[in-house]
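Visitor: I'll drop the sequence and a predicted model, then ask my questions.
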Amino acid sequence: MGAYVVRRLLWLPVVLFLVSFGTFTLARFGPGDPVSVTAGQVRDPKVLEQIRQDRGLDSNVVVQYVRWLEKAVQGDFGESYLQKGFSVSELIFPRMWISAQLGLIALVIVFAVGIPMGLLAARFAGSWIDPAIIGTLLFLQAIPVLVIIPPLIWLFGIQFDWLPVGGWDGVLDIWWVGGVIAIPIPDPHLYIPLVAFTLPGFVSVARLVRVSALEVNLEDFVRTARAKGLSEATVQFRHVLPNSLLPLITVVGFALAGVIEGALFVETLLGINGIGRFTFEAVVSRDYDVILATTVIFAAAFVLMNLLAEIAYGFVDPRVRIGSSRG
């Protein structure tokens, strides 16, 4: 297992190099000119050329990339073309934290609902309950976010005036229990975004747990537990549930990688200043350094979370460890 982890970590710089160079090249040769964005209303050719020289855009793409890479490995991702005077790090990391909070809360809700739904569907496989659960969740997944959000805003924000309809600054209220235990309380601005985030995600978790639970229910130890007279609830939660969660480890890894990426449509439509909305604005405005930084960070998070999921799976399931050691 140790040798496998080392090999995967050695591949990380290669992956990041390929991703960053590919993104860098596409951005440079794509349509549009960030110099025009930087210059604003100025269209004097001499001024534009001076900005191009100051930004190092007058060199060939390889020289530009090497110059950017030397600074990036030191944690300097450059300065934003759109928001002058601000470094890329100052702009993206606070927005990543906003998206990460929203994504983590949504992730907890998705697994908290999807796992019991999957167990329930597996328990009543062959009856009308199974297709009713999965069919309902599939229907919710099929509704695009762009279709879900306007009715939620109209119903809860305008018709009944129960919830605010947009904006969230990334701050959670804290409720202290005994001055020791801190419990975060979601801001009302979060409720509509959380509904839009979570509704499409329930079915993926539920279907995966259902398939795994159907296999576990056929195992000898489950039949032995029922033969001993244990209640069905005890059998499901003590024996079936733990063994049905193994496939979810890899899903958690990919989900955690997606947490920091934000959600473009949700953040844009509801005025949340997260990284998804900011990345979209950067792409539209050709903000090179922001696009590069977010792409590299997302790629690194995806690879690392995938690796952590594989390591965790190896510790949970000894068969994976044995197989990797033999390989």
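Guide: Good, I have the coordinates.
Visitor: could you pull out the helices for the stretch 151-300 of the chain?
Guide: Assigned by DSSP state H, counting those that start in this stretch, the helices in the stretch 151-300 of the chain fall at 191-198, 202-216, 220-227, 232-234, 241-244, 248-259, 264-269, 275-285, 288-316.
Visitor: tell me the domain boundaries of this protein?
Guide: Annotated domains of the chain cover 2-72, 95-326 [automatic domain parsing].
Visitor: Tell me which of these sits nearest to Lys84.
Guide: Closest approach to Lys84 among the domains of the chain is made by domain 2-72 (7.3 Å; CB to CB). All C-beta spots, glycine's among them, are computed from the backbone N, C-alpha and C.
Visitor: Skipping adjacent residues, who's closest to Asp289 in space?
Guide: Gly78 (3.5 Å; CB to CB, 6 or more residues apart in numbering).
Visitor: So the one you found versus Leu48, what's the distance?
Guide: For Gly78, the distance to Leu48 (CB to CB, to the nearest Å) stands at 19 Å.
Visitor: go on, Glu70?
Guide: Distance of Glu70 to Leu48, computed by CB to CB: 26 Å.
Visitor: more crowded one of these two?
Guide: Applying other CB atoms under 10 Å to Glu70 and Leu48 shows that Leu48 carries more neighbours, namely 16 against 10.
Visitor: My read is that the more buried one contacts Arg55, right?
Guide: No: contact status for Leu48 versus Arg55: not in contact, 10.7 Å apart, counting by CB atoms under 8 Å.
Visitor: joint contacts of those two?
Guide: Val35 (CB atoms under 8 Å, 6 or more residues apart in numbering).
Visitor: quick one: pLDDT of the closest residue to Gly157 other than its chain neighbours?
Guide: Leaving aside its sequence neighbours, Gly157 sits nearest to Val165 (CB to CB, 6+ apart; 3.5 Å). pLDDT for Val165: 76.
Visitor: Spit out the contact partners of Val165.
Guide: Val165 is in contact with 153, 156-158, 192, 270, counting by CB under 8 Å, 6+ apart.
Visitor: Gly103 contacts Thr198, doesn't it?
Guide: No: in this structure, Gly103 is not within contact of Thr198 by CB under 8 Å, at 10.5 Å.
Visitor: Could you check which of the two has the larger neighbour count?
Guide: Ranked by neighbour count (other CB under 10 Å), Gly103 and Thr198 place Gly103 first, with 23 against 20.
Visitor: Ile109 versus the more buried one, what's the distance?
Guide: Counting by CB to CB, the separation of Gly103 from Ile109 is 11 Å.
Visitor: how about the strands in the protein?
Guide: 173-177, 181-185 (DSSP state E).
Visitor: So for Ile291, what's the pLDDT?
Guide: Note for Ile291: predicted pLDDT of 85.
Visitor: burial of it, as a residue count?
Guide: Neighbours of Ile291 using other CB under 10 Å come to 22.
Visitor: which residues sit in contact with it?
Guide: Residues in contact with Ile291 (CB under 8 Å, 6+ apart) are 23, 27, 279, 282-283.
Visitor: Tell me the one of those nearest Val203?
Guide: Thr279 (26.6 Å).
Visitor: Export stretch 108-117 to CSV, keeping only CA atoms.
Guide: What follows is stretch 108-117, C-alpha atoms only, in CSV (Å, rounded to 0.1, in the frame of the first residue of the first chain):
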residue,chain,number,x,y,z
VAL,A,108,-24.1,15.9,4.8
ILE,A,109,-27.7,16.3,3.9
VAL,A,110,-27.4,14.1,0.7
PHE,A,111,-25.8,11.2,2.6
ALA,A,112,-28.1,11.6,5.6
VAL,A,113,-31.1,11.2,3.3
GLY,A,114,-29.7,9.0,0.6
ILE,A,115,-28.3,6.2,2.8
PRO,A,116,-31.6,5.5,4.6
MET,A,117,-33.5,5.7,1.3
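Visitor: gap between the nearest residue to Arg277 once chain neighbours are set aside and Gly56?
Guide: Of all residues not flanking Arg277 in the chain, Glu267 sits nearest, at 3.9 Å (CB to CB, 6+ apart). Glu267 sits at a distance of 31 Å from Gly56 (criterion: CB to CB).
Visitor: rewinding a little: isn't the residue nearest to Asp289 up against Trp68?
Guide: Yes: if you go by CB under 8 Å, Gly78 and Trp68 touch, sitting 6.8 Å apart.
Visitor: what's the overlap in contacts for these two?
Guide: 289, 292.
Visitor: Tell me which of Glu267 and Gly56 has more neighbours.
Guide: Glu267 (24 against 12).
Visitor: Contact partners for the more buried one?
Guide: Residues near Glu267 by CB under 8 Å, 6+ apart: 99, 193, 273-274, 276-277.
Visitor: Next up, the contacts around the residue lying closest to Thr279 once chain neighbours are set aside.
Guide: Nearest residue to Thr279 in three dimensions, chain neighbours excluded: Thr294, at 5.0 Å (CB to CB, 6+ apart). By CB under 8 Å, 6+ apart, the contact set of Thr294 is 92, 275, 279, 282.
Visitor: Can you give me the pLDDT of Asn60?
Guide: Note on Asn60: pLDDT of 80.
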